[in-house]
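Colleague: here is a sequence together with a model predicted from it:
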Amino acid sequence: MKEARLRFNSLSAFDPESFLFTHGSLRWLKYEPTMKIVSQFNILDWLEIMPFANSDEEVFNFLESARDYAKMYILEDVASRRFLGVCLLIVANTRKHTVNLHGGIISQNYSPFKCCSGLLKMIEALMKCGWNVRSHSKTLRAYRFLKSIGFRICGYYNGLIYSYVNQNLMHLSPIYRRMSYPIDNSTTC
């Protein structure tokens, strides 16, 4: 029982290696400060992902201080070893098992299909662990990206577009339907 409670109260049990976050040419890596990810973004774009940390050192310090409730992963193209994007997970509500997903795409390495594919794999892994996945977007452009993988609007507040996704919405999304592979359903937490 304690293990199940920990599973929903923190992200400490959520580990990319346990979900085989490698698919074909993509891999999710746990963020390390040596990756120098902040400098790969326009500073204004980065501050939309993480407005309270504008250097790799500040990002690492935040993630260390909130290690059970916040994790960051970097999507890597295995063949080219280039980083494609970043995904920040923050526990929003332990009682409702809700995690907020934030992120961004590194524009010089942008590959729409690869970025969507990687994000779908991340969302699938979160849902398999029992998390409800939510997000919020500052711009309509950011929401359109989320909508293409199944997110739907659930509200507006302070200029932000709040959205959610579930397995049915994700499976009906245009991107998921175009994928050349089914997401593996045999993985467990």
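Modeller: Perfect, thanks for sending it.

Colleague: distance of F83 from Y176?
Modeller: 23 Å (CB to CB, to the nearest Å). Every C-beta, even on glycine, is put in place using the N, C-alpha and C of the backbone.

Colleague: strand partners of the helix or strand containing K71, parallel vs antiparallel please.
Modeller: Assessed by DSSP states H and E, K71 sits inside strand 70-77. Its sheet considered, strand 70-77 pairs with strand 26-30 (antiparallel), strand 82-93 (antiparallel) by DSSP bridges.

Colleague: for the chain, which helix is longest?
Modeller: Using DSSP state H to define each element, the chain has its longest helix at helix 112-128.

Colleague: buried ones in that helix, by neighbour count?
Modeller: 114-128 (16 or more other CB atoms under 10 Å).

Colleague: now stretch 76-89
Modeller: 76-77, 83-89.

Colleague: tell me the strands in this protein, going along the chain?
Modeller: For the chain, strands defined by DSSP state E occupy the ranges 22-23, 26-30, 70-77, 82-93, 98-105, 132-137, 152-157, 160-165.

Colleague: and of those, who's closest to I49?
Modeller: Smallest distance to I49 across these (CB to CB): 4.7 Å, for strand 98-105.

Colleague: partner strands of the closest one, parallel or antiparallel?
Modeller: Looking at strand 98-105 with DSSP bridges, its partner strands are strand 82-93 (antiparallel), strand 132-137 (parallel).

Colleague: and the contacts of that strand?
Modeller: With CB atoms under 8 Å, 6 or more residues apart in numbering as the test, strand 98-105 has contacts from 11, 41, 45-46, 48-50, 84-92, 115, 119, 122-123, 126, 131-136, 145.
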